[in-house]
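A.B. asks: Coordinates only, no sequence provided:
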Ligand SMILES: Nc1ncnc2c1ncn2[C@@H]1O[C@H](COP(=O)(O)OP(=O)(O)OP(=O)(O)O)[C@@H](O)[C@H]1O
Ligand SMILES: Nc1ncnc2c1ncn2[C@@H]1O[C@H](COP(=O)(O)OP(=O)(O)O)[C@@H](O)[C@H]1O
Ligand code: SF4
Ligand SMILES: [Mg+2]
Ligand SMILES: [Mg+2]
């Protein structure tokens, strides 16, 4: 049993007036995070990474599925229990500028923690505590205390937020793209700081769209696409031996210093592609030309396993983080589809109003199979 | 502050001369790094605000005129040369040194009338703004923060209030109440004009609620009301101020309309009453311009000065509009 | 010679004094060249880019000249510049993607923009549609609002709009930074595509991400604290950088495949100096591991090797040293 367990977590957003349309942002995501383990959650923008982070942090409710921390259900927590939960689970967000209320000094983020959790502590003891955590994140108190957020650099702001989390007795840190906004030199500082925290036993969910960063820091990798896990497992295995077409295409897109971009499988990722030299190649993606869109159209009516993966004789064991996704029990025959996905967007086909349960069932992800020990991959549709 | 302003004004027209009109809306940080740029003023926000405030002609002019009028309303009656509503001189006197704005049909001193009625008009304006502001803020905050079914109920309620014809309501109430004061009028205006404030505040709360610092406050164990008061409301301060000014102006104008229609306070005197009387007793036909122009002009100036100050405040708050 | 900038100095007027964001900068960009402009946040990249097309309120042109295709650009004269904007020089501003006017459809946006430059959209509409298709957007984007498009799509739309009049020079400010890898790649490849098709003659691509520049740029120029540090062709900068700052920037990038257990990356300790009152001498001195007494003097930005300009005393010594050694060896 891992420290944090996600069990078939799904999220459906209502949009339009009076919840007219329903959009599945997460589809039965299951994995776990242990103490001292860094799990990177990788996916394109809109793939549902932040939504998952917010669900774990109890900032937004899940539509279905269970999140448990140290064996206790998180989704039901409120009041005092939630207060206690935040003592152990904390988050740092993507945009340091918007994480601070611009009207207050930056160290107000510490002050809020003091008021809520350390009300009884002596001023001196508190200040000593603050100094210790600042040291952990290699910040000089004189540089950062008593300043307005705009007087700090992006790296300082981000490290201050991590320090804030460390004031509490954190066991799990949700780091949502915390280095995307930083430039290369500060990026490394923050990364290395996370590594040293991990060595001290902190579990980290490292959300990113940058594969090289994910590879650098994480023990396990979960690749998310359109809200569903397409591949996950131990990082060296996922990166060393990528199985899913999507993972491979992501890897070829990473800009490298000493290697030019290799030809890219644009159709694999459902995001738009440019035309290559000369030829006008239609692109896929949310707004792709019609022909391509039709090709990309997929109905999630649980088709049979693809022969390739079936042949690999995968036993679908729940292994990654013990809470792995379990293959959906095959539905008896194809059903008329209520919704379909076109290049990453869901469209309702049914005339009538679709219920939440129907959306959840309809958007069930393709099953995961184990291609080697500790490495799961989704059946390609 | 400026962050919110930027968020709020991102749909505003584009700064003239921008290289890509429309592509670079003012919502964008001053290309390259607003946060870094702002660092240059380490003198602090307040100081910076004052620096720009005292240099802003519109703000200084607007506030100056308004202060003169407020003073006139507060202490004016003690200095009024004649008691109001009394026949102190022959009727129809032209403006003169003795009667600054002449006298009315009834031989009242128009200048004294004006000084007395300023007070009531301000009272109505202030009460209207206070009531509408408090109700609008409360409902807007709750709907915007809580969302969900509560939001839908409050939205529906707001919609219903908009639909009620307030004039008819006032006539009906007027028929039951024998007499009503300026106080009543102010409150009545307040409780019928809050919906637009509620809507605007709800929308702003909605956007601000999605900012990361709100999530961070929640992660720090803060509860909803505390977050709304300490994190969300201050970020709307300039906006709230603006709403109050607009409410103030509109309350006075609505009051003039009511008074003009004879639905105003049964006791006391206001600018609207003066206009009403002038109209009733054919001030216009008799060319008694000094009877109806002063109250009309006072009205206009009181509201216009606030609006000018308002534009100035906007320029002071919004770094994109500041002149350097 | 497409663009030639000489001794350009741009400052921001602030209450506490002038922020020298671009300080005595001299460089040129050839026809067909994509020049990458790199450096840490706040070093003046955007200021340099913006100054070539539009000086906003607080920006002051303190000196220097800008020549495009042999003609002087009147950069401090807003009116006179208007003739050149979009026709000769065009820009995709930083954050343009998130700053598109949300109340205007893409088509309307393009129309208004062209109108302000004295051209009718109708005249270029067929070409507009062709290019929209080229970047992989459906025709219907013309009828869509910015918020209906994903980040990658918006970035492509701004690219098409800002190059509609085939400018000589395009300044692309952090166009890939907010995108995920696949969109980064798509947009990056489109930039070279635009150049190859002659939609723009040359480009300045501003970014803090050197690995993107390694993919698409012909030459790379590195800025530090308002000054130029190094300029050479992309391969040279990536493989044989001479300036200690460039070396530090490169060593702080994680390559795919590197893991923390195997190789701990190092950042650059310290922060860039304030541009309000920059230190004398080499501005990188506090953070430079090679600093020596000579560095108290300001190093000139000079060509040390053919096509390789550097502003660093140590690099100058090294190059001179190795040249001498070669000379000796040849003599022997
Ligand atoms: N409007 C402004 N007023 C005053 N100073 C400014 C303004 N805009 C930028 N600066 C200052 O000019 C310097 C250069 O800023 P610039 O935006 O060119 O940096 P940059 O290299 O583009 O950084 P980034 O990578 O963060 O975009 C910084 O020190 C910044 O603080
Ligand atoms: N509050 C919300 N209301 C409606 N849709 C949302 C909301 N938040 C996120 N989404 C949608 O859910 C999907 C996943 O979003 P997100 O988790 O932010 O993705 P990521 O972090 O991977 O970029 C996106 O398509 C987004 O538009
Ligand atoms: S001039 Fe000196 S301080 Fe500057 S980069 Fe070169 S060696 Fe370092
Ligand atoms: Mg996100
Ligand atoms: Mg910039």
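C.D. replies: Received it, and whenever you're ready, just let me know what you need. All values derive from a computational prediction rather than experimental measurement. Ligands and ions are numbered 1, 2, ... in the order given.

A.B. asks: can you list the weak-confidence ranges in the chain?
C.D. replies: No chain was given, so I picked chain A. Along chain A, the model assigns pLDDT under 70 to residues A:15-21, A:181, A:263-354, A:381.

A.B. asks: I was after chain C.
C.D. replies: In chain C (pLDDT under 70), the answer is C:1, C:97-99, C:102, C:256.

A.B. asks: how about the helices in it?
C.D. replies: C:45-51, C:78-82, C:96-99, C:106-116, C:121-134, C:151-162, C:181-196, C:210-216, C:234-239, C:244-251, C:313-331 (DSSP state H).

A.B. asks: With respect to ligand 2, which of these lies nearest?
C.D. replies: Taking Cβ to the nearest ligand atom, helix C:151-162 is the member of the helices of chain C nearest to ligand 2, at 9.3 Å. In short, each C-beta sits where N, CA and C put it, glycine included.

A.B. asks: what's the closest residue to residue B:309 other than its chain neighbours in contact with, if anything?
C.D. replies: Distance criterion Cβ to Cβ, 6 or more residues apart in numbering or on different chains; nearest residue to residue B:309, sequence neighbours excluded, is residue B:62 at 2.9 Å. Residues in contact with residue B:62 (Cβ atoms under 8 Å, 6 or more residues apart in numbering or on different chains) are B:305-312.

A.B. asks: at 7 Å what do you get?
C.D. replies: Residue B:62 makes contact with B:305-306, B:308-309, B:312 under the criterion Cβ atoms under 7 Å, 6 or more residues apart in numbering or on different chains.

A.B. asks: Next, find the distance separating it from residue C:16.
C.D. replies: According to Cβ to Cβ, to the nearest Å, residue B:62 stands 29 Å off from residue C:16.

A.B. asks: Repeat that for residue C:59.
C.D. replies: Residue C:59 is 16 Å from residue C:16, by Cβ to Cβ.

A.B. asks: picking that back up, from residue B:79, how far out is the residue nearest to residue B:309?
C.D. replies: 24 Å.

A.B. asks: ditto for residue C:112
C.D. replies: 56 Å.

A.B. asks: Between those two, which is the more surrounded one?
C.D. replies: Taking neighbours as other Cβ atoms under 10 Å in any protein chain shown, residue C:112 and residue B:79 compare with residue C:112 leading, 17 against 9.

A.B. asks: Where does pLDDT dip in the stretch 1-150 of chain B?
C.D. replies: Using pLDDT under 70, the flagged stretches of the stretch 1-150 of chain B are B:1-48, B:85-86, B:88-89, B:91, B:93, B:99, B:105.

A.B. asks: isn't residue A:1 right up against residue A:69?
C.D. replies: No: applying Cβ atoms under 7 Å as the test, residue A:1 and residue A:69 come out as separate, 10.8 Å apart.

A.B. asks: near chain C at all, stretch A:249-267?
C.D. replies: Yes: using Cβ under 7 Å from any Cβ of the partner chain, stretch A:249-267 reaches chain C at A:250, A:253-258, A:260-261, A:264.

A.B. asks: Which two of these have the greatest separation?
C.D. replies: A:250 and A:258 (19.2 Å; Cβ to Cβ).

A.B. asks: which one of these two has more residues nearby?
C.D. replies: Taking other Cβ under 10 Å, residue A:250 and residue A:258 do not tie; residue A:250 has more neighbours (28 against 10).

A.B. asks: how far away is the more buried one from residue A:230?
C.D. replies: Distance from residue A:250 to residue A:230, by Cβ to Cβ: 10 Å.

A.B. asks: quick one on the thing from earlier: residue A:1 and residue A:69: which has the busier surroundings?
C.D. replies: Using other Cβ under 10 Å, the more surrounded residue of residue A:1 and residue A:69 is residue A:69, with 21 against 11.

A.B. asks: if I look at the residue nearest to that one when sequence neighbours are not counted, how far off is chain C?
C.D. replies: In space, and not counting its chain neighbours, residue A:69 is closest to residue A:4: 5.4 Å by Cβ to Cβ, 6+ apart. Going from residue A:4 to chain C by Cβ to the nearest Cβ, to the nearest Å gives 22 Å.

A.B. asks: same question, residue B:109
C.D. replies: Residue B:109 sits 51 Å away from chain C, going by Cβ to the nearest Cβ.

A.B. asks: What is the neighbour count of that residue?
C.D. replies: For residue B:109, the neighbour count with other Cβ under 10 Å is 26.

A.B. asks: Could you do the one 10 residues further on as well?
C.D. replies: Taking other Cβ under 10 Å as the neighbour definition, residue B:119 ends up with a count of 20.

A.B. asks: for residue B:49, same thing?
C.D. replies: Neighbours of residue B:49 (other Cβ under 10 Å): 14.

A.B. asks: repeat for residue C:126
C.D. replies: With other Cβ under 10 Å as criterion, residue C:126 counts 9.

A.B. asks: Mark which of the contacts of residue B:62 are part of strands, please.
C.D. replies: Counting by DSSP state E, no part of the contacts of residue B:62 is found in strands.

A.B. asks: Can you tell me which of the residues you listed are also in contact with ligand 5?
C.D. replies: Among those, no residue is within reach of ligand 5 (Cβ under 5 Å from the ion).

A.B. asks: Out of the residues you listed, which sit inside helices?
C.D. replies: Per DSSP H, the subset of the contacts of residue B:62 in helices is B:305-306, B:308-309, B:312.

A.B. asks: What residues of stretch B:187-194 count as buried?
C.D. replies: B:187-190, B:192-194 (16 or more other Cβ atoms under 10 Å in any protein chain shown).

A.B. asks: need those residues in JSON lines with distance to residue C:28, can you?
C.D. replies: Below are these laid out as JSON lines (distance: Cβ to Cβ, whole Å):
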{"residue": "B:187", "distance to residue C:28": "72"}
{"residue": "B:188", "distance to residue C:28": "73"}
{"residue": "B:189", "distance to residue C:28": "68"}
{"residue": "B:190", "distance to residue C:28": "67"}
{"residue": "B:192", "distance to residue C:28": "68"}
{"residue": "B:193", "distance to residue C:28": "63"}
{"residue": "B:194", "distance to residue C:28": "63"}
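
A.B. asks: Thanks a lot, catch you later.
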